[in-house]
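> Curious how this folds, go ahead:
(4 chains)
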There are 4 protein chains.
Amino acid sequence: MLTEAARGVYVIAVTPFTDDGRIDEASTDRMVEFYRDCGVTGMTILGMMGEAPKLDTDEAIAFSRRVVKRARDLPIIVGVSAPGFASMRTLATAVMDAGAAGVMIAPPPSVRTDDQVCGYYDQCVSAIGSDVPFVIQDYPLASGVQMAPSVIRRIVTAHASCKMLKHEDWPGLEKISTVRGYEKDGSMRHISILTGNGGLFLDFEMERGADGAMTGYAFPDMLAEVIRLQGKGQRDAAHDLFDAHLALLRYEQQPGLGLAVRKYVLKRRGAIASEAQRSPGTKLSNAALAEVDYLLRRLATRDPRAAGLAD
Amino acid sequence: MLTEAARGVYVIAVTPFTDDGRIDEASTDRMVEFYRDCGVTGMTILGMMGEAPKLDTDEAIAFSRRVVKRARDLPIIVGVSAPGFASMRTLATAVMDAGAAGVMIAPPPSVRTDDQVCGYYDQCVSAIGSDVPFVIQDYPLASGVQMAPSVIRRIVTAHASCKMLKHEDWPGLEKISTVRGYEKDGSMRHISILTGNGGLFLDFEMERGADGAMTGYAFPDMLAEVIRLQGKGQRDAAHDLFDAHLALLRYEQQPGLGLAVRKYVLKRRGAIASEAQRSPGTKLSNAALAEVDYLLRRLATRDPRAAGLAD
Amino acid sequence: MLTEAARGVYVIAVTPFTDDGRIDEASTDRMVEFYRDCGVTGMTILGMMGEAPKLDTDEAIAFSRRVVKRARDLPIIVGVSAPGFASMRTLATAVMDAGAAGVMIAPPPSVRTDDQVCGYYDQCVSAIGSDVPFVIQDYPLASGVQMAPSVIRRIVTAHASCKMLKHEDWPGLEKISTVRGYEKDGSMRHISILTGNGGLFLDFEMERGADGAMTGYAFPDMLAEVIRLQGKGQRDAAHDLFDAHLALLRYEQQPGLGLAVRKYVLKRRGAIASEAQRSPGTKLSNAALAEVDYLLRRLATRDPRAAGLAD
Amino acid sequence: MLTEAARGVYVIAVTPFTDDGRIDEASTDRMVEFYRDCGVTGMTILGMMGEAPKLDTDEAIAFSRRVVKRARDLPIIVGVSAPGFASMRTLATAVMDAGAAGVMIAPPPSVRTDDQVCGYYDQCVSAIGSDVPFVIQDYPLASGVQMAPSVIRRIVTAHASCKMLKHEDWPGLEKISTVRGYEKDGSMRHISILTGNGGLFLDFEMERGADGAMTGYAFPDMLAEVIRLQGKGQRDAAHDLFDAHLALLRYEQQPGLGLAVRKYVLKRRGAIASEAQRSPGTKLSNAALAEVDYLLRRLATRDPRAAGLAD
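Next comes the predicted model:
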């Protein structure tokens, strides 16, 4: 079960599809092994970058079961954000029964005021049960919902089952400092903070007090190593490695397009068989493919992980 | 099957719940008979005011089956808007198999440009199949999506299975005139236009060329009579009847609160057993209840349908 | 100077233009007299429905001076919402120097959390000065900003110069009750509450504790009479009068289109010489004109104020 | 006057303030010389990052006059986006009279459909005059307005005075390719395309057909050199230089916070005397200052321009 001690990389897993749009079970298994070999400490599935809305409920549950089983000891967090609480409960119950470690929930765009945000999470806990560990997903760029740090504190204080903040506010470094400040001044218990935003600020997020990353960059092994280096106090080395990847990482973080880049690189790395997305998906143009290949070739000169990946 | 000849009142049905949150099957049957007795020509279920997001997939399908069966000859349109196409397809296929007449789809807030709106409906038709009659729901206040009249024409022209526009732009009278103008100038084939917005402009919408109403005001019999009167050219009588209801109709059209008003009045009229909403729902305060009762008492002096309903 | 004792109708004045787009000074004077004769207790100028964004700073100041001078003892509130504090300060200072009673400020769409809303008003007070009486404009439909009742209390408590809430949340009756409840339980000092939304809920807003209306419906004399009748406890008479106007009032409340209706009726009533709007404005189609005339004719049978106005 | 042949770096200038909030005229002059020495080919003032909304009209005009005069032969583009056309006209007329080369306009959030976007620019041209060269600012992240490439073509085709697209859609590389494709297939005349987004994709934007950058990164000399290198076909050298700056550039591109970073670095580079922003502004925390200094020190090892800048 997910606890507030969670650290390291919880990779946002893609959902592998075959070229004709079915879930690719063989690639699912292979992907889990790939992520494990990258040194991740957990996985998050059925997030936005996992094309969750493109699965129907039965598919979502079946995919979750397969990943959980294959991942064995690796904790799996499942995104259960839904337009209504009945669907949220159905999915959360099914995946927890299947052995998931916890669930992740983002608020819908309609909640605005502080009370509305807090009230929304109250209702979520009523729906999924107070024994199910959950992650607050704080992603204003996608959700349109602004959560003040004090609102996060209210949710954490109200619900013992809140174990983690997925932090992807932008800009967000001060938010990490503020939330960690609440712990220091004793006004909030400790929770795990993993950061998103494609990893674009991971270098400094670790220095501000994050416990790791929850993002899906196609080199999760790099993310894991940056976190390790920061943990050992090797600041310059951490930044050197991070900076080597920054041009590609930035390219992959483009909204909409980014998933196509990510799946393409994961395919080149052997993690999945096809970069296919379910409709509606984005295809890389020839120009974009050439740009990614160019970035991979440049990266290979600084990080051997990228060697031989470009066409 | 739904055709472009649809007219009259397609009432937006509520979903009846018991006080402990289960779907109330007995009330479902009773409600169908109540609506039939009101003179509706069809029903729309699983719309926003039908609390659709609060049902999980299995519940939505079971409820649709029950309504379709009970409604017999009355055509049933089912709202299948969903965050992804897999869920949309699953639901659309199930309800069409069960005998629904067609489905209704609103675009998600993320589509913005004309091409994006048209492209979205292209993908919907790919998902549900080109043989499934569908309704465009044009409701900018809720969806955030603005559809120019020319965009509606593009969708209608591209897809023979588009049979109806649910019109609830606001303001919207000129939009009806423009779309009907396309038919007159031969640039678009005829489709059915039913109007929403709680009926707040039904009096003039009929005069602009609408074929009827698709809304859920708790006196659908009044809506049906206004439509009949307009059809017979009895303009003043139509407005007199409409105006008698306007104070209550306006009160019921308040976002969020409106559904509580509607269910309360439907309960008083004997259509359903309980005004319960599934969480998250809105309860009428004592002040609001007293206001609705006051409006019902005032209405009773002008329309016998309202007699004896207030507490 | 504006105080928390303000009551009655603060009419949202239009800005009269000539057909070629200049501010019509003769009509400005005539309009002020017209509103005075309607029994308003104050006026609000340069609101959204006053086409404020279409005036440049010099015009806005000149227009304000003219109205203030002509209105003599009638208090004038000036809308000073602006994208930046420098423009807000410039305008507020100029109009207060000219004799305005206070200013009105709506927050920009970018503020979201409770702290952001409160912080915004803190900055406004720094910009305009703590001696300038101000009105909170709470209009989520236009601003996108949701203000919880507790946020209004925080602003009122923080700033002695906050004298009034212009209430146009929708739905909003419970909000009035909640804010008045704060006064009753001693957690907030009294402020004036005037309601907007075109007057669409004025009948019940008065019963919930509002002090009057701040809206621009073309029959402000009706609004004033409804308020008087409610004040004297003649509830049924108040609703009868209100309901007689509701069909037209609703028609005038349509976003965008409404101002064209309002100016047309004000012209027919002799308040202004032309219904011209500055670009970008909305023109009534022939169909819409005929609809307004029809509504006026119907209204005339129930309220002599409307007699002879239709073409 | 601005033409479609514009190329290179049009730097988005900051507006220098003194610590007590007045416009700093000496720094304004110094800044213009600094930018000139950086090799920019033009300047854009009164953009969002120029704190334009914090100036009142008189200040905006005075500042524009000073910059235009000091810049001599360097063309100056002035942001004139405004909530209304009267203010837009007033400002545009004043700055063109003062010698500006053109103006830049972003649409307001309220325009949505293709026709609305095109209609908005029609009205702008009516307001400012068809002889005033203008730039379309396409910045959906800030404006909320999505402009399809075909909409840009419609505006360019309708208005000979449209000379440039400031491109900052995100993601945006395909949009550049599409617009340039219109020129190749003869369906649109050539316009200048300068790119924004803080320069985050400048490396590839040049390869897709952009003519340069319009952004305010505190090392405009680096931007200019990247553009020169790309122009000479030295692709790897261009990317090497760009990548050296990417960690800092990304840090500066954070919404809200970025301007504080930019002004701090410009101060360290001697371009302005103070990093002060007018209220409401953002101050760098001590942690953030240390992060910027760390990035500058790291940058100095790869680009001598950054030498000695960190504290």
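
> buried ones in stretch A:219-231?
A:219-230 (16 or more other CB atoms under 10 Å in any protein chain shown). For glycine as for every other residue, the C-beta is placed from the backbone atoms N, C-alpha and C.

> For the residue of the stretch 51-200 of chain A found nearest chain D, give me its contacts.
At 3.7 Å from chain D, A:Pro171 is the closest residue in the stretch 51-200 of chain A, using CB to the nearest CB. A:Pro171 makes contact with D:254-258 under the criterion CB atoms under 8 Å, 6 or more residues apart in numbering or on different chains.

> Lowest-confidence entry in the residues you listed?
Lowest pLDDT of the contacts of A:Pro171: D:Gly256, 86.

> Need phi/psi at the closest residue in space to it that isn't next to it in sequence.
Spatial nearest neighbour of D:Gly256, chain neighbours left out: D:Thr282 (5.5 Å); criterion: CB to CB, 6 or more residues apart in numbering or on different chains. Main-chain dihedrals, D:Thr282, degrees, to the nearest 10: phi -120, psi 140.

> same for the helix or strand harbouring A:Tyr251, what does it pack against?
In this assignment (DSSP states H and E), A:Tyr251 forms part of helix A:235-252. In terms of contacts (3 or more CB pairs under 8 Å, 6 or more residues apart in numbering or on different chains; DSSP states H and E), helix A:235-252 is packed against helix A:202-208, helix A:220-231, helix A:258-268, helix A:286-300, helix D:235-252.

> Pull out the buried residues from stretch A:46-66.
A:46-57, A:59-61, A:63-66.

> Just the residues you listed: which are in helices?
Of the positions in the buried residues of stretch A:46-66, A:57, A:59-61, A:63-66 sit in helices, assigned by DSSP state H.

> a markdown table please, covering the helices and strands packed on helix A:235-252 and showing distance to B:Ala92.
Converted to a markdown table, the helices and strands packed on helix A:235-252 look like this (distance: least, CB to CB, whole Å):
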| stretch | distance to B:Ala92 |
| --- | --- |
| helix A:202-208 | 42 |
| helix A:220-231 | 37 |
| helix A:258-268 | 26 |
| helix A:286-300 | 34 |
| helix D:235-252 | 44 |
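
> for A:Lys47, what are its contacts?
In this structure residue A:47 is Gly, not Lys. Applying CB under 8 Å, 6+ apart to A:Gly47 gives the contacts A:12, A:79, A:104, A:216.

> out of these, who has the most neighbours?
Compared across the contacts of A:Gly47, A:Gly216 has the highest neighbour count, 29 neighbours, by other CB atoms under 10 Å in any protein chain shown.

> Give me the pLDDT for the residue of the stretch 51-200 of chain A closest to chain D.
pLDDT at A:Pro171 comes out at 93.

> any idea how far it lies from chain C?
14 Å (CB to the nearest CB, to the nearest Å).

> Up against chain B, what does the stretch 101-250 of chain A have?
A:109, A:123, A:126-127 (CB under 8 Å from any CB of the partner chain).

> can we see that at 10 Å?
With CB under 10 Å from any CB of the partner chain as the criterion, the stretch 101-250 of chain A meets chain B at residues A:108-110, A:119-120, A:122-123, A:126-127, A:142, A:144.

> Is it possible to get the contacts of A:Gly47 out as CSV so that each row also shows secondary structure?
Below are these laid out as CSV (DSSP: H, G, I helix; E, B strand; the rest coil):
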residue, secondary structure
A:Ile12, strand
A:Gly79, strand
A:Met104, strand
A:Gly216, coil
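
> Which pair of those residues spans the longest distance?
A:Met104 and A:Gly216 (13.2 Å; CB to CB).

> where do the contact lists of those two overlap?
In terms of CB atoms under 10 Å, 6 or more residues apart in numbering or on different chains, A:Met104 and A:Gly216 are both contacted by the residues A:10, A:12, A:44, A:47.

> Please tabulate those residues in CSV, including the columns pLDDT.
Converted to CSV, the shared contacts of A:Met104 and A:Gly216 look like this (pLDDT from 0 to 100):
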residue, pLDDT
A:Tyr10, 98
A:Ile12, 97
A:Thr44, 98
A:Gly47, 86
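
> out of those residues, which one sits closest to A:Met31?
Distances from A:Met31 to those, taken by CB to CB, are shortest for A:Ile12, at 11.9 Å.

> quick one: contacts for that closest one?
Counting by CB under 10 Å, 6+ apart, A:Ile12 touches A:43-50, A:77, A:79, A:104, A:166, A:196, A:198, A:213-217, A:220, A:262.

> Now it. Nearest residue, chain neighbours left out?
Distance criterion CB to CB, 6+ apart; nearest residue to A:Ile12, sequence neighbours excluded, is A:Gly216 at 3.5 Å.

> I'd assumed A:Thr44 was in contact with the one you found.
Yes. At 8.4 Å, A:Gly216 counts as touching A:Thr44 under the criterion of CB atoms under 10 Å.

> Identify the contacts common to those two.
Taking CB under 10 Å, 6+ apart as the criterion, A:Gly216 and A:Thr44 both touch A:10-13, A:50, A:196.

> which pair in those residues spans the largest distance?
Taking CB to CB, the two most distant members of the shared contacts of A:Gly216 and A:Thr44 are A:Ala13 and A:Gly196; they sit 13.6 Å apart.

> Name the residues contacting each of the two.
In contact with both A:Ala13 and A:Gly196: A:44, A:47, A:49, A:216, using CB under 10 Å, 6+ apart.

> what's the spacing between the third one and chain D?
Here the distance between A:Met49 and chain D works out to 15 Å (CB to the nearest CB).

> contacting residues around the residue nearest to A:Ile12?
Residues in contact with A:Gly216 (CB under 10 Å, 6+ apart) are A:9-14, A:35, A:43-44, A:47-50, A:196, A:198-199, A:223, A:252, A:258-259, A:262-263, A:266.

> how about the residues of chain A near chain C?
A:110-117, A:140, A:144-151.

> Any residue of the worst-scoring helix or strand of chain A on mean pLDDT touching chain D?
Scoring the helices and strands of chain A by mean pLDDT, DSSP states H and E places helix A:140-143 at the bottom, with a mean of 89. Yes. Applying CB under 10 Å from any CB, one finds helix A:140-143 in contact with chain D at A:Leu141.
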